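**Q** Turn this into a model:
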Amino acid sequence: TIIDDIFQIKVGNDKKSFSMLQKWPIIKSRPFKERNLPNKPLITGMRVIDLLFPITKGGTCGVPGGFGTGKTVIQQSLAKWSDADLIVYIGCGERGNEIADILKQFTEIIDPKTGRPLLDRIVLIANTSNMPVSAREASIFSGVTIAEYYRDMGYDVAVMADSTSRWAESLREISGLLEEMPAEEGYPAYLPSKLSSFYERAGNVKLLGKDEQGKEKFGSLTIIGSISPPAGDFSEPVTATTKNFVQGIWALDSNLAYSKHYPAINWLNSYSNYPEYITEWWQSKNFDWPEIDIDWSQCRKQVNEILSTDNELQYITQLIGEENLPEHQQLILFIAQLIKNGFLIQSAFDDIDNFTDAKKLLGIIKLILLVYKEGEELLKQGFLIDDIKELDTINGVLRINHAIKNEDFYLIENLKKTLLNEIETLKLLQGAFQRK
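**A** Next comes the predicted model:
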């Protein structure tokens, strides 16, 4: 059994025996040599995250969102498709049927890397809402300690904590029973230190010891914690405190969720501090399209600018109507709609759309930005916005996400050629019409 001695080591005049059982206090971080800067993204397969709000291996991120905004679905999608070697999924205060659904789904889904059930690479910490609050408090630290155990073996581990708000509520309940002085909204005064002690255990680290070839070992621990603010109020203590300790926030918007825009990550309220660390990695995944020579960083910048301008124009549009705006502003609104419907919206339950690899992601967004670039040129040449909207290829661009598989990238390149040919034909027809 795991408690039987399996080997001995001589230390001086004494002999120390070791079994397979290891004991470690869960609130104490496991040791390592040094912490390194992150340099690789955790590819999630979710386009809005991988382009606009990326997270690195060894990074931290909070996912705040009200009821029904899709926190659990995002966490489960990350557990299914992210490129971490091992997932520790902590169901903290979850409903029992949700834990049962996770067990059922992860058993049925086949891991594309290994060909075995996905449950083989997932550690599930089940702490349902009917369990004692003391167990709920321990669940998150138990999960991160197990994750550190695997990180010390040299794996890239991701911890999904769902949800840290219920864990904070257990702290509040225990603090009340101990008659401690309450802080804001009844939470204990040590809530920030508890949260920081959890998130600071993430990192990309050089490990103690060496591998079989005598080389240095490296491992990473990524932490993604969902937050359930009451009534979607992001100013409440758990959300506000979490923002101090994480490097990224994926803010879920109930308005997007109710309009069936999933994942409901609000591109105006969310942020990530990691893009500068992973630009070089994305550069290695870039491919050359002479028609639009931009890389991941430039794509990201352009998309942010378009979505920001679209938001500013919404108020003017409501006052005077879209058709009364200048043609260039109408083009921005059209491209923003194309980005939202053809890129940001993603189905977690579609066999093709549930995971988008790096190459397909760059292909889709470059194609949309190519429409924008060519559209600007057409407007300068006197074409109308309706001429751009009526291009047949636009429908093909909108269908890429759920019609073209990751391995069929040549179909996206064919679509690009068709788009350019269609625009060239439009220009020739206009020229012929003017000559007449």
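
**Q** Let me see the contact set for Y277.
**A** Counting by C-beta atoms under 8 Å, 6 or more residues apart in numbering, Y277 makes contact with L37, P38, N39, T56. All C-beta atoms are positioned from the backbone trio N, CA, C, and that covers glycine.

**Q** Spatially nearest residue to the third one (excluding sequence neighbours)?
**A** Same thing as N39. The shortest distance from N39 to any non-neighbouring residue, by C-beta to C-beta, 6 or more residues apart in numbering, is to Y277 (6.0 Å).

**Q** Help me confirm that the one you found is found in a strand?
**A** No. Under DSSP: H, G, I helix; E, B strand; the rest coil, Y277 sits outside any strand and is assigned helix.

**Q** how near is it to F198?
**A** From Y277 across to F198, the span is 22 Å (C-beta to C-beta, to the nearest Å).

**Q** Three-state assignment for N414, please.
**A** Put simply, N414 is helix when judged by three-state DSSP.

**Q** count of neighbours near it?
**A** For N414, the number of neighbouring residues by other C-beta atoms under 10 Å comes to 13.

**Q** ranges for the strands of the stretch 251-400 of the chain?
**A** With strands called from DSSP state E, counting those that start in this stretch, the stretch 251-400 of the chain shows them at 271-272.

**Q** ditto for the stretch 101-250 of the chain
**A** 122-128, 156-162, 203-210, 216-227, 248-249.

**Q** C61 is nearest to which of those strands?
**A** Of all these, strand 248-249 sits nearest to C61, with 4.0 Å by C-beta to C-beta.

**Q** Taking the contacts of Y277 together, which two end up most distant?
**A** L37 and T56 (9.0 Å).

**Q** ok, now how distant is the residue nearest the centre of the chain from P290?
**A** For the chain, the residue nearest the mean C-alpha position is I49 (4.3 Å; C-alpha atoms, centre = their mean). Noted for I49: a distance of 29 Å to P290, by C-beta to C-beta.

**Q** Buried ones in stretch 25-35, by neighbour count?
**A** Within stretch 25-35, the residues that qualify as buried are R30, F32, counting by 16 or more other C-beta atoms under 10 Å.

**Q** separation between the residue nearest to N39 and A161?
**A** Relative to A161, Y277 is positioned 23 Å away (C-beta to C-beta).

**Q** now T107
**A** Distance from T107 to A161, by C-beta to C-beta: 22 Å.

**Q** more neighbours, those two?
**A** The residue with more neighbours, out of T107 and A161, is A161; 27 against 12, by other C-beta under 10 Å.

**Q** Enumerate every residue touching the more buried one.
**A** I90, C92, I140, G143, W167, F198, I223, I224, G225, S226.

**Q** I'm done for today, thanks for sticking with me.
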